[in-house]
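Participant: structure here, sequence nowhere to be found:
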């Protein structure tokens with residue numbers, strides 16, 4: 001006894017049936033969104049809430065940081081690891097974006113860290129203070145850049161690990177993966193190219209690159225101009 005015939009579904013929609021073709025080729029992301037090209041309502045609501053809540057949460061985190069001073073209007077996204085065992089002074093409009101990788105500031109007991117206004121740290125940026133670090137206004141730290149003021153481990157007997165304060169002037173830009181080593185001073189207005197290692201002082205308004213970093217040209221910085 002033969003059963004009911006099975007109705008075959010054609011692989012291709014009839015000519016002119018654009019709705020069927022569109023449904024066939026809809027991606028999983030389209031189906032997840034519900035409406036092609038638009039984000040889910042819950043995601044849009046979450047984003048709006050985050051915009052409103054982030055400044056308030058940043059302010060709360062700054063008040064609970066344990067620093068001697070944390071300036072007004074901070075904006076902190078993602079993970080910020082701040083261990084303030086020593087003296088820490090942070091200026092206004094501090095910004096940290098630890099979304100892709102945590103941002104880290106560690107100040108040991110008895111050490112001193114001073115950061116000016118409009119300071120920015122991108123993901124993975126790190127400041128490690130064992131003695132004395134001073135950072136000016138309008139300083140930018142790109143992803144995974146770092147500042148440290150102590151060599152921590154000697155290469156050979158008798159090596160001096162602390163060479164004096166590490167100083168970063170105003171309006172300085174540290175590129176991606178830049179390492180600022182102990183005892184150096186970077187002059188105001190300077191920029192350090194990606195993957196550079198700063199082992200010696202950099203004059204003001206200079207562009208330096210390499211390992212060790214060397215000045216390759218002078219920058220024309222008008223008075224009052226700061227990097228956005």
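Facilitator: Cool, got the structure. Only a predicted model underlies this, so the values are computations on that prediction, with no experimental measurement involved.

Participant: tell me which other helices or strands the longest strand along the chain touches.
Facilitator: Counting by DSSP state E, the longest strand found in the chain is strand 95-107. Packing partners of strand 95-107 (3 or more CB pairs under 8 Å, 6 or more residues apart in numbering; DSSP states H and E): strand 75-84, strand 87-90, strand 120-121, strand 126-129. Quick note: C-beta positions are derived from backbone N, CA and C, even for glycine.

Participant: between these, which one is closest to residue 210.
Facilitator: Of all these, strand 126-129 sits nearest to residue 210, with 20.8 Å by CB to CB.

Participant: ok, the closest one: who's next to it in the sheet?
Facilitator: Note on strand 126-129: by DSSP bridges, its sheet partners are strand 95-107 (parallel), strand 146-148 (parallel).

Participant: relative to residue 74, which of those is closest?
Facilitator: Short answer: strand 95-107, nearest of the strands paired with strand 126-129 by CB to CB, at 7.2 Å.

Participant: now whichever helix or strand comes after that closest one: how far from the chain's centre is it?
Facilitator: Following strand 95-107 in sequence order, the next helix or strand is strand 112-115 (DSSP states H and E). How far strand 112-115 lies from its chain's middle: 19 Å, per CA atoms, centre = their mean, to the nearest Å.

Participant: residue ranges with poor pLDDT in the chain?
Facilitator: Confidence mapping of the chain against pLDDT under 70 gives the ranges 1-39, 42-65.

Participant: how does it look with 50?
Facilitator: Applying pLDDT under 50 to the chain picks out residues 1-2, 6-13, 18-21, 24, 32, 35, 46, 52.

Participant: state the distance from the residue most central in space within the chain to residue 162.
Facilitator: Residue closest to the mean C-alpha point of the chain, counted by CA atoms, centre = their mean, is residue 122 at 0.7 Å. Going from residue 122 to residue 162 by CB to CB, to the nearest Å gives 28 Å.

Participant: got it, and residue 72?
Facilitator: From residue 72 to residue 162 the distance is 33 Å (CB to CB).

Participant: the more surrounded of those two?
Facilitator: Shown here are residue 72 and residue 162; by other CB atoms under 10 Å, residue 162 has more neighbours (15 against 11).

Participant: who's in contact with residue 89?
Facilitator: Neighbouring residues of residue 89 by CB atoms under 8 Å, 6 or more residues apart in numbering: 67-69, 113-115.

Participant: ok, so of those, who is nearest residue 147?
Facilitator: Distances from residue 147 to the contacts of residue 89, taken by CB to CB, are shortest for residue 113, at 9.5 Å.

Participant: and that closest one, how many neighbours does it have?
Facilitator: Residue 113: 26 neighbours (other CB under 10 Å).

Participant: pretty sure it contacts residue 87?
Facilitator: Yes: contact criterion CB atoms under 8 Å: residue 113 and residue 87 qualify, at 7.1 Å.

Participant: what is in contact with those two at once?
Facilitator: residue 107.

Participant: ok, residue 142 touching residue 191?
Facilitator: No: in this structure residue 142 lies outside contact range of residue 191 using CB under 8 Å: 10.2 Å.

Participant: what is in contact with these two at once?
Facilitator: By CB under 8 Å, 6+ apart, the residues touching both residue 142 and residue 191 are 173, 175.
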